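Asks: Give me coordinates for this.
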Amino acid sequence: MKKITLFSDGSALGNPGPGGYGVILRYGEKERELFGAHEHTTNNRMELLGVIEGLKALKEPCEVDVVSDSSYVIKGINEWLDGWIKRDFKKVKNPDLWREYIEVAKPHKIHGIWVRGHDGHEENERCDTLAREAAEQMKDSLERGRDE
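Replies: Modelled structure (predicted):
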């Protein structure tokens, strides 16, 4: 089983507002960057969506270290998910995304690793930049649409 590191970050301007995610997938010396945006979303949704999109990009079952500054995502993956499933996601935010995460995570062995955000962690900083730029582009696009 290939060992992959998935670095991810999310951003929302307004929370809720325009948002973006940034992802770096690393396998050995190879890296791939992913990013995307949504019109009206929250920071937590973008944090989780980055992980989901990163996992979707994997072509085969892998051992995946998910590295994020989101304690929501990391604790969700490592600690809370089993309990949420047992409660059928009652009183859980973003159940749609957590259900999607469960589906895309099935073929993989996943371990979440939390890192302090905005603390000089090179890959986390890069993911933050990708996420913020995607959110800014979405915001600009929405503003241009209103002006026309």
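Asks: Helix or strand for the most centrally placed residue in the chain, just tell me which one.
Replies: With distances taken as CA atoms, centre = their mean, the chain has residue 50 as the residue nearest its mean C-alpha position (2.4 Å). Residue 50 is part of helix 43-56 when elements are defined by DSSP states H and E.
Asks: what is residue 4 paired to in the beta sheet?
Replies: residue 64 (DSSP bridges).
Asks: I'd like the distance between it and residue 120.
Replies: 23 Å (CB to CB, to the nearest Å). C-beta coordinates here come from the backbone N, C-alpha and C atoms, glycine included.
Asks: out of the two, which sits in the more crowded spot?
Replies: Comparing residue 4 with residue 120 by other CB atoms under 10 Å, the one with more neighbours is residue 4, at 22 against 8.
Asks: pretty sure the residue nearest to the centre of the chain contacts residue 25?
Replies: No: contact criterion CB atoms under 8 Å: residue 50 and residue 25 do not qualify, at 10.8 Å.
Asks: joint contacts of those two?
Replies: By CB atoms under 8 Å, 6 or more residues apart in numbering, residue 50 and residue 25 have these common neighbours: residue 34.
Asks: Need phi/psi at the spatially closest residue to residue 69 that is not a sequence neighbour.
Replies: Among residues not flanking residue 69 along the chain, residue 117 sits closest, at 3.2 Å (CB to CB, 6 or more residues apart in numbering). With angles defined as degrees, to the nearest 10, residue 117 sits at phi -80, psi 150.
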